[in-house]
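J.: Sequence unavailable; structure follows:
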């Protein structure tokens, strides 16, 4: 913390806010960030309007991870029909991961400059095309090409949704919303292969892609007609706080925080946007194309100048690497002796992971919101983003324990329930840890969340 000698008060680091009013009779929670008086500010939207937009973002995340992760279930059938080796199939998954790694660098600058809506729509449109391409796949070039393009389109699956959460919700609500988003993500990752296994067994492996194309087309229509832009361009005129340069009266920080903590009344002279205006394709935020280029390299600057971002990048990158290894080894080795699983069996093996992820999501999401309120109350009402990291410690032990249980039991050919339990433990720990670190990033660096999350992804 920095002492401001001019005001005789303490200035807190970014992300540190007064979350609880401990002087109030019932210890009320203070909303942060403070919304404007503009009725079009997404923080001022009705609960229903916020939830419709957030629900669509969750649906988007679900479909993204359906398309990215269902292919592993049908590796055996594709190998038999098209002659692709398991090595080539695993390499195609790596190609998809490469697309995911670099895609955000190109997409996110446009989301910051022109709004979230056009980037969502472009990504979904690409998904529709690539799923049809995959359903008609014949050559190894199709396999690699689809995965690269699909990875690029899906690269913003978590980044832009985290930006949407930051646009719509207050600090004390973000843990619960991040948990719901994580459930959608994990359902797409782990439950869709279960359905894909049954579809492939009953209709053939190509139909998992035709159904994905249908799902993507439904998502596209839903976004065209119902998803509103959540990026907020402030009004030109604002009510100013009392000036700190007035020599006759110098307000202290507590007085300023009291002003900021009070939600300003909604202005009656500002009209609500029409339905057509809410669904505008582009929402310019000011600046020029230099700003777009700046957001291409800025994530790397942030990585080396903000240790908190570097920490989250290492944690999140490690979890994604472990996830890729789990998915590919599961799809390859459980089709071989001593397991000899069919596509249905491989798909069903995702259920224990999903169960662990749901429980871990509540641990790192909803419980995280409750814990920061309790810790802030003990800290005189002052919330610091690092308070979320207390819940990361048990996850740091649980995650590798489940990971090693899965790998060692599978390598030794133990009965399938043992690696399945290991997957469930791993799912709990990894999801809890990813939720906690993502929320820490979201609360600490809200103003650069697009660039910071882009680098982490």
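T.: Thanks, I have it. As the structure is a computational prediction, the values presented were derived from the model and not from experiment.
J.: Now residue 383: phi and psi?
T.: Torsion angles at residue 383 (phi, psi; degrees, to the nearest 10) stand at phi -100, psi 130.
J.: Which strands or helices does the helix or strand that contains residue 329 pack on?
T.: Element membership of residue 329 [criterion: DSSP states H and E] is helix 307-333. Counting by 3 or more CB pairs under 8 Å, 6 or more residues apart in numbering; DSSP states H and E, the packing neighbours recorded for helix 307-333 are helix 86-114, helix 289-305, helix 392-411, helix 417-444, helix 449-456. Backbone N, C-alpha and C define where each C-beta goes, glycine included.
J.: Quick check: buried residues in the first one?
T.: Read it as helix 86-114. Buried residues in helix 86-114, defined by neighbour count with 16 or more other CB atoms under 10 Å: 86, 88-93, 95-97, 99-100, 103-105, 107-114.
J.: can you state the direction angle for it and helix 307-333?
T.: On the basis of axes from the mean of the first three to the mean of the last three CA atoms, to 10 degrees, helix 86-114 is oriented at 150 degrees to helix 307-333.
J.: quick one, what contacts the closest residue to residue 93 other than its chain neighbours?
T.: Excluding its sequence neighbours, the residue lying closest to residue 93 (CB to CB, 6 or more residues apart in numbering) is residue 328, at 5.8 Å. By CB atoms under 8 Å, 6 or more residues apart in numbering, the contact list for residue 328 reads 72, 90, 93.
J.: With residue 93 instead?
T.: For residue 93, the contacting residues are 71, 72, 147, 324, 327, 328, by CB under 8 Å, 6+ apart.
J.: Also residue 44?
T.: Neighbouring residues of residue 44 by CB under 8 Å, 6+ apart: 35, 36, 38, 266.
J.: now do 10 Å
T.: By CB atoms under 10 Å, 6 or more residues apart in numbering, residue 44 lies in contact with 35, 36, 37, 38, 50, 232, 263, 264, 266.
J.: Over to residue 91?
T.: Neighbour list for residue 91: 84, 85, 140, 143, 144, 147, 328 [criterion: CB under 10 Å, 6+ apart].
J.: same question, residue 176
T.: Residues near residue 176 by CB under 10 Å, 6+ apart: 169, 362, 365, 366, 367, 368, 369, 370.
J.: quick one, phi psi at it?
T.: Dihedral angles for residue 176 - degrees, to the nearest 10 - are phi -60, psi -40.
J.: tell me the contacts of the nearest residue to it once chain neighbours are set aside?
T.: Nearest non-adjacent residue to residue 176, counting by CB to CB, 6+ apart: residue 366, 5.1 Å away. By CB under 10 Å, 6+ apart, residue 366 lies in contact with 175, 176, 177, 178, 179, 180, 435.
J.: can you list those in CSV and add pLDDT and secondary structure?
T.: Formatted as CSV, the contacts of residue 366 follow (pLDDT from 0 to 100; DSSP: H, G, I helix; E, B strand; the rest coil):
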residue, pLDDT, secondary structure
175, 81, helix
176, 85, helix
177, 90, helix
178, 85, helix
179, 85, helix
180, 90, helix
435, 89, helix
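J.: Nearest to residue 156 among those residues?
T.: Closest approach to residue 156 among the contacts of residue 366 (CB to CB): residue 178, at 16.2 Å.
J.: The closest one contacts residue 432, doesn't it?
T.: No. Shown here, residue 178 and residue 432 do not form a contact pair, counting by CB atoms under 10 Å, at 11.4 Å.
J.: Show me which of the two is the more surrounded one.
T.: For residue 178 versus residue 432, the count of surrounding residues by other CB atoms under 10 Å is larger for residue 432: 30 against 27.
J.: show me the contacts for that one.
T.: If you count contacts by CB under 10 Å, 6+ apart, then residue 432 has 179, 182, 356-357, 359-365, 367-368, 391-392, 394-396, 398-399 around it.
J.: try residue 136
T.: Neighbouring residues of residue 136 by CB under 10 Å, 6+ apart: 142, 146, 206, 209, 210.
J.: Can you flag the buried ones in those residues?
T.: For the contacts of residue 136, buried by 16+ other CB under 10 Å: 146, 206, 209, 210.
J.: Looking at these, which are in helices?
T.: Among these, DSSP state H puts 146, 209, 210 in helices.
J.: could the residues you listed be laid out in CSV, adding pLDDT?
T.: Compiled in CSV, those are given as follows (pLDDT from 0 to 100):
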residue, pLDDT
146, 91
209, 95
210, 96
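J.: out of those, which one sits closest to residue 67?
T.: Proximity of those to residue 67 (CB to CB) peaks at residue 209, which lies at 8.5 Å.
J.: what about that closest one, distance to residue 150?
T.: With distances taken as CB to CB, to the nearest Å, residue 209 is found 11 Å from residue 150.
J.: Need the overlap of contacts for the two.
T.: 67, 71, 130, 131, 133, 134.
J.: pretty sure the last one is in a helix, no?
T.: Read that as residue 134. Yes. With DSSP: H, G, I helix; E, B strand; the rest coil as the criterion, residue 134 is assigned to a helix.
J.: which ones are touching it?
T.: The neighbours of residue 134, taking CB under 10 Å, 6+ apart as the test, are 67, 70-71, 142-143, 145-147, 149-150, 206, 208-210, 212-213.
J.: same thing with the third one?
T.: With contact taken as CB under 10 Å, 6+ apart, residue 130 is in contact with 67, 145-154, 209, 212-213, 216.
J.: I'd like to know which of those residues are part of helices.
T.: Per DSSP H, the subset of the contacts of residue 130 in helices is 67, 145-154, 209, 212-213, 216.
J.: Who wins on neighbours among these?
T.: In terms of neighbour count, residue 67 stands highest of those at 29 neighbours, by other CB under 10 Å.
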